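Novice: Below is the sequence, then the predicted model.
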Amino acid sequence: MGSEGPPSVTFHVTGFKKFHGVSDNPTETIVRNLEEYIKKKGSPKGVSLGSCTILETAGQGAIVPLYQTLQSATSNDIQQSDSSKIILLHFGVNSGATRFAIEQQAVNEATFRCPDEMGWKPQKVPIIPSDGGLSKARKTCLPVDDITKSLSNMGYDVVISDDAGRFVCNYVYYHSLRFAEQNGIKSLFVHVPLFQTIDKDTQMQFAASLLEVLASLC
């Protein structure tokens, strides 16, 4: 994966499989097709895809492949480039949403509204106990205001969110933000609607546009 030319930002992208109430997760489709999509459309300027990974929609089930992706990102890419040029980009679905949401933070709390795909249903459990209480929040160091403004100017219906929920999306984002901070890289989570709300083609265009915007701001 990758592109020729000037130094680029390397993205490691994740999506999720199906889960309770969502039998067809749009983020699985987006992430599985992203490399082929941007090759066909022409890779956005400054963008290099390092990996595309689909995670189980389960707290513990997602963690092993998540950390394999994170560790691979740092071990492979930092040898070749500036660590500030690595972005961990996570997509999750919000089935009740009508627009895209740029998540600016995750909190240290797992309170699942329903069992995840491995049957786990934690209630008020700290994600990283050593981090402190449930109210501990970690924020992305990426400029969410600028990202949202740029995407809005491109015609996308997108907002900033400060609540990624307490389900697996928040669980993964919290781990990713913590890892990113420890390793001098960047992390971002984006919630998308169902394809019935915003169609597949528009969502694929949005994902490619997001990569381009992030690369231009990094």
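Specialist: Perfect, I can see it now. Residues are numbered from 1 along each chain as shown.
Novice: hey, let's count contacts and neighbours off CA atoms from now on
Specialist: Noted.
Novice: list the buried ones in the host helix or strand of Y171?
Specialist: According to DSSP states H and E, Y171 maps onto helix 168-183. By 16 or more other Cα atoms under 10 Å, the buried positions in helix 168-183 come out as 168-180.
Novice: partners of the helix or strand following it, with directions?
Specialist: Moving toward the C-terminus from helix 168-183, the next helix or strand (DSSP H and E) is strand 186-192. Note on strand 186-192: by DSSP bridges, its sheet partners are strand 86-93 (parallel), strand 100-103 (antiparallel).
Novice: Could you dump the ones you listed into CSV with mean neighbour count and mean pLDDT added?
Specialist: Below are the strands paired with strand 186-192 laid out as CSV (neighbours: other Cα atoms under 10 Å; pLDDT from 0 to 100):
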stretch, mean neighbour count, mean pLDDT
strand 86-93, 24, 97
strand 100-103, 23, 98
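Novice: Tabulate the ones you listed in JSON lines, adding columns for distance to V13.
Specialist: JSON lines is the format used below for those (distance: least, Cα to Cα, whole Å):
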{"stretch": "strand 86-93", "distance to V13": "5"}
{"stretch": "strand 100-103", "distance to V13": "15"}
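Novice: What separation is there between the residue nearest the centre of the chain and K40?
Specialist: Note on the chain: the residue nearest the mean C-alpha position is H90, at 1.1 Å, using Cα atoms, centre = their mean. Distance, H90 to K40, by Cα to Cα, to the nearest Å: 22 Å.
Novice: Low-confidence bits of the chain, can you list those?
Specialist: Residue ranges of the chain with pLDDT under 70: 1-7, 76-84.
Novice: If we use 50, what do you get?
Specialist: Along the chain, the parts satisfying pLDDT under 50 run over 1-5, 78-79.
Novice: At which residues are the strands of it located?
Specialist: In the chain, the strands defined using DSSP state E lie at 9-16, 47-55, 86-93, 100-103, 105-107, 137-139, 158-161, 186-192.
Novice: Specify the stretch among these that is closest to V22.
Specialist: Comparing the strands of the chain against V22 with Cα to Cα, the closest turns out to be strand 86-93 (8.9 Å).
Novice: Which residue is the nearest non-sequential neighbour of V22?
Specialist: S95 (7.5 Å; Cα to Cα, 6 or more residues apart in numbering).
Novice: can you give me phi and psi for H20?
Specialist: phi -50, psi 120 (degrees, to the nearest 10).
Novice: if I look at it, how far off is P26?
Specialist: From H20 across to P26, the span is 14 Å (Cα to Cα).
Novice: doesn't V107 make contact with S135?
Specialist: Yes. Counting by Cα atoms under 8 Å, V107 is a contact partner of S135 at 6.3 Å.
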